[in-house]
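1. everything below, folded, please.
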Amino acid sequence: MQIVRDTPDQLIIANRPLAIGVGITLFILIFAAAGLIIATEEPWFGLLFGGTGVLLGGGAFAAFVRRTQVILDRSRGEIIIRRRSVFGYGETVLPLAPLTGAELQTTRSSTPDGRGTTLYRPVLMLGAGPHPIMQSYTNGTGPKKLVDAVNRWLDAAPKTTRQRG
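-> Modelled structure (predicted):
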């Protein structure tokens, strides 16, 4: 998560998974090239090898490369959450007034040997309850950065527009 703009009137936070996108694209290109090279000697095996890599890479790209942008706008009194992936674009507009802060939701992944990892996702605390910003949980530092940025921005609000108590 990266803070794009942080002013008294507007906070914009974006998650642009460029590294994952570039890595998966390189994976696809390497498998496609290897498949074409192999196809010069063994056509069916080369096509199968390259095609499998391209399909797996394409599926991973569709599943993991998703851009999320959160805009908190005091002047308009809105929260805008934008999501873009290979499947399309979505935008959710919520009122800013009921926002009391942001929190981390946690879940625990487990493995057969009993070890596991704690995963997080940021949620906005609104009057109607928590509203997830991201659909998936992660073990990275992005969700914590987003929660801290939202809470800091709310705490810095001018006294006349302060949302938190």
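
2. and the strands in the chain, which stretches?
-> For the chain, the strands defined by DSSP state E occupy 2-6, 10-15, 67-73, 78-85, 88-95, 101-110, 116-126, 129-132.

3. now for the last one, which elements pack on it?
-> If contacts are counted by 3 or more CB pairs under 8 Å, 6 or more residues apart in numbering; DSSP states H and E, strand 129-132 sits against strand 101-110, strand 116-126. Every C-beta, even on glycine, is put in place using the N, C-alpha and C of the backbone.

4. mind redoing it with 6 Å?
-> Identification of packing neighbours for strand 129-132 by 3 or more CB pairs under 6 Å, 6 or more residues apart in numbering; DSSP states H and E yields strand 116-126.

5. can you list the helices and strands that the strand it packs on packs against?
-> Judged by 3+ CB pairs under 6 Å, 6+ apart, strand 116-126 is in contact with strand 101-110, strand 129-132, helix 142-155.

6. how about CSV for the ones you listed, with mean pLDDT added?
-> Formatted as CSV, the helices and strands packed on strand 116-126 follow (pLDDT from 0 to 100):
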stretch, mean pLDDT
strand 101-110, 88
strand 129-132, 87
helix 142-155, 90
